[in-house]
Each structure stands twice: as structure tokens, then as C-alpha cells.
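Undergrad: Got a sequence here, can you model it:
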Amino acid sequence: MKNQQPKLLDRTRNILRRRHYAYATEQSYINWIKRFIYYFDKRHPVELGPEAIGIYLTHLARAKRVAPSTQNQALNALVFLYREVLEIELKDISGIEWAKARERIPVVLNRSEVSAILYHLSGRQKLIASILYGSGLRLSECLRLRVKDLNFERRQIAVWDSKSNRDRLVMLPSPLIRPIQEQLTYSKTLFSKDRDNNAPGVFLANGLSRKYPYAAKSWKWFWLFPSASLSVDPPTKIVRRHHLHQSVMQGTLKKCVSKLQINKHITCHTFRHSFATHLLEDGADIRTVQELLGHKDLKTTMIYTHVLQSGPTGTKSPLEDVWSSTAEVAPVAQTHPPSGSPLWFKSLPGIIQKILRLSGKTR
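TA: Model (predicted):
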């Protein structure tokens, strides 16, 4: 009996995992491939041919009115499907109606707002927010930190397998050393509990788990922010301890911002935007900020110069001088007397009118 060929989506998952794509990327690619197949009435992509990619992307832009980033995400998924899974070479994908790109200025907190948020947060949520703002990490990067990534002597944090697939070192602010050490004490209790119960080790990428078979159960590979309970690991279906889920921090921050009545659209990523902007305000070199953020292209970092108090928004408006002088100039006409005036003053306009009428009659 011949071995049955894996289904298309299973083959896609296997290749994505073999090439160590992030689980979030795997979910996104599978979702777009499903939508692509359903759009063409469940026909197999081999039957459709590569030209179907252009038809589907145009549909997304014209009918669905998706954002450019969403359209590019779908394109990446479909290119991966044809090139890597189906092994069909894509020479040219033409005739696509692209969604119109817009350059969005990032939302940035001022320093007093950052201080207010950190003051109202507590425990590990306060520590996470402090790392996001103090080191410029993404939320996913912060929650994936392991014990081995912290260097207290050099005051550095190592960030591995970031979004741009670039490893980097960032600063570990000195005020956070003690809170992080206290968090490690809490993490050590969960680590010891797992070892006593002989629980499976933490998640490691396939290559690392084969190369270091005992690393998953070692302390240095344990999470800085472990979840309080065990959960099913989606790729492997193994029940193990994962890191804290993003929704825990996101929900706490949303409640905090609502309580403080800060009228800005604030997410966990806003701390990263604020980190970059405040560094540039303090005179940091743009290339240094690029390295700290892990951006491949300097253009991505340049967006933060748009919100600095320089350039068009930092130029003084001519209204400022005119407005300040209006306080010294008396009004041309005052219809209503100022509040708190004596009664004789309130009746003064009527008295003047009477005098003018009488003088007019005598002429």
C-alpha cells in the first residue's frame, strides 16, 4: 500500500515548521491560503495557476478595501504556497490593483503620561510595561525572554528571532534590575514545581530541541514571564508551561488607560514608539535607535522624526505673537458688560444713548 500524500495545508504547515517560521506566521499563511481556495470555489491552486494570485489580490483591494499591509500579507502567503509548497516558479504577477499605501504617524506618549501609566500599574504588568518603554521591545519579544537572555553585569538584554529575523542587544535599565531579579525568584518557584512534577520542558525550536535535548528542562532556558498554568502547545500538542499570554498585558493596559482618561489610542506597542521618540529627543543618533529597534531599513526608523518637536510641527506659529498681544488690546465693542460690574456700569450704555438723543433734539 502506497503512503498517502499529505494534504495541501498539512504540507504547508510541515514546510513552515521545518523552516522555523513563527507560529503566528504559520496561522496567518494557512488562513490566507484557505481564503484563496474558497474564493475560487475550492479549486486546487495547481488548477488555478499563478495568475489567480493577481485576480485574488485585486479582489482584496477593490471589493474588500483591505489595507496595503493586509494585501502584502496575503501576497507573501500565496507566493510561499506556489514557490515552496507546490514548487511552481512565479515569473511575473502582473495586473494587480494595489491598495493605496498611507504613511501613518505613530502615537507617542509624553513622559508624564508614561510616568502616570507606570505608577498605576503593578506587579509583573508594571515590569513588562517598563521593559517595553525602557528597552524598546515589542510585546512578543518581551514575553519570550528567557533567563539566559539577561546580562545584569553588562546591563544588556539579548533579543533572539525578532520580527525582522535579526538578533540584537538592547539596554537593561538599572532601575529594572531589582524588579527583574524578584520576577526571576517567582519564575524559579514555577520551574521547581515543573521539575518536581516531571512536566515537559518549555518550547524550543525544532533545531535547538534536537541539538540540546536537555535544554528545555534547564533553568537558563526557562521563561522570565511564565504562565501560571500549563497549556497545550499548538504546534506539538504537548501540555507544557508557556510564557504569559499577550492578552493579559493588553487587557490590563486598556483598563489603566481608561482609568487615567488619556485620550490617545494606546497599545503595548505605543511604549516602543515612545522609547524611540524620546531617545531622538534626547539627542540619540538615528542609526543607534535603528539598531536598538532592530529595523532593517533606516526609513522605518525615520518615521519617528515626524513626531519630534522639530521641523514643521516645531516651527513657531505666527498666531502665538498675535494671540499674546490681544490681551493688551481693548475690544472694539463690548456688547455685554463684564460679570461682577456695578449696577451703574451695566446701565451706562442706556444713559449714553439718552444723552445723544437729547443732544440731537437741541440741535
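Undergrad: going forward, measure contacts between C-alpha atoms and count neighbours the same way
TA: Fine.
Undergrad: Quick check: pLDDT value at the residue nearest the centre of the chain.
TA: Centroid-nearest residue in the chain: His269, 3.1 Å away (criterion: CA atoms, centre = their mean). According to the prediction, His269 has pLDDT 96.
Undergrad: do you know how far it is from Tyr304?
TA: As judged by CA to CA, to the nearest Å, His269 and Tyr304 stand 13 Å apart.
Undergrad: How many neighbouring residues does the closest residue to Leu204 other than its chain neighbours have?
TA: Nearest residue to Leu204 in three dimensions, chain neighbours excluded: Ala216, at 6.5 Å (CA to CA, 6 or more residues apart in numbering). Using other CA atoms under 10 Å, Ala216 has 17 other residues around it.
Undergrad: Wait, Ala216 touches Ala199, no?
TA: No - taking contacts as CA atoms under 8 Å, Ala216 lies outside contact range of Ala199: 10.6 Å.
Undergrad: rewinding a little: read off the pLDDT value for the residue nearest to Leu204.
TA: pLDDT, Ala216: 93.
Undergrad: mind listing what it touches?
TA: Neighbouring residues of Ala216 by CA atoms under 8 Å, 6 or more residues apart in numbering: 200-204, 209, 222.
Undergrad: would you say it is within a helix?
TA: Yes - checked against DSSP: H, G, I helix; E, B strand; the rest coil, Ala216 lies within a helix.
Undergrad: Which members of the contacts of Ala216 are the farthest-apart pair?
TA: Spatially, the most separated pair among those is Ser209 and Phe222, at 13.6 Å (CA to CA).
Undergrad: More neighbours: which of these two?
TA: Phe222 (27 against 14).
Undergrad: For the more buried one, which non-adjacent residue is closest in space?
TA: Closest to Phe222 by CA to CA, 6+ apart is Arg146, at 5.4 Å.
Undergrad: wait, doesn't that neighbour sit right on Pro226?
TA: No - the pair Arg146 / Pro226 is not scored as a contact, 9.3 Å apart, by CA under 8 Å.
Undergrad: With neighbour numbers in mind, choose between the two.
TA: Higher neighbour count among Arg146 and Pro226: Pro226, with 25 against 21, using other CA under 10 Å.
Undergrad: Identify the bridge partners of the more buried one.
TA: Beta-bridge pairing of Pro226 under DSSP bridges involves His243.
Undergrad: for it, what are its contacts?
TA: Contacts of Pro226 by CA under 8 Å, 6+ apart are 187, 190, 241-244.
Undergrad: try Val108
TA: Per CA under 8 Å, 6+ apart, neighbours of Val108: 270-271, 273-274, 277, 307.
Undergrad: In these, find the pair that's most separated.
TA: So, these by CA to CA: farthest apart are Phe271 and Val307, at 14.3 Å.
Undergrad: hang on, the earlier thing: neighbour-wise, which of the contacts of Ala216 leads?
TA: Phe222 (27 neighbours).
Undergrad: Domain-wise, how is this protein divided?
TA: 8-85, 103-311 (automatic domain parsing).
Undergrad: Compare these and give me the one nearest Ile96.
TA: Taking the domains of the chain one by one with CA to CA, domain 8-85 is closest: 5.0 Å.
Undergrad: any idea of the mean pLDDT for that closest one?
TA: pLDDT averaged over domain 8-85 gives 91.
Undergrad: same check, this time on stretch 181-197
TA: 97.
Undergrad: chain center to it, what's the gap?
TA: Offset of stretch 181-197 from its chain centre (CA atoms, centre = their mean, to the nearest Å): 29 Å.
Undergrad: now do stretch 235-242
TA: Worked out by CA atoms, centre = their mean, stretch 235-242 lies 26 Å from the chain centre.
Undergrad: got the buried residues for that stretch?
TA: Within stretch 235-242, the residues that count as buried by 16 or more other CA atoms under 10 Å are 240-242.
Undergrad: cool, and stretch 223-230?
TA: 223-227, 230.
Undergrad: what's downstream of the helix or strand where Gln71 lies, the next helix or strand?
TA: Using DSSP states H and E, Gln71 maps to helix 68-80. With elements assigned by DSSP H and E, the helix or strand that comes after helix 68-80 is helix 111-120.
Undergrad: Show me what that following helix packs onto, helices and strands only.
TA: Judged by 3 or more CA pairs under 8 Å, 6 or more residues apart in numbering; DSSP states H and E, the packing partners of helix 111-120 are helix 123-135, helix 246-260.
Undergrad: Can you list the neighbours in contact with that helix?
TA: Against helix 111-120 from outside (CA under 8 Å, 6+ apart): 126, 129-130, 256-257, 260, 262.
Undergrad: please redo it, this time with the cut-off set to 6 Å
TA: Lys126 (CA atoms under 6 Å, 6 or more residues apart in numbering).
Undergrad: how far out from the middle of the chain is that helix?
TA: Distance, centroid of helix 111-120 to centroid of chain: 18 Å (CA atoms, centre = their mean).
Undergrad: Quick check: buried residues in it?
TA: Those would be 114, 117-118, for helix 111-120 by 16+ other CA under 10 Å.
Undergrad: Would you convert those into TSV that also reports pLDDT?
TA: Listed next are these as TSV, based on pLDDT from 0 to 100:
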residue	pLDDT
Val114	96
Ile117	96
Leu118	96
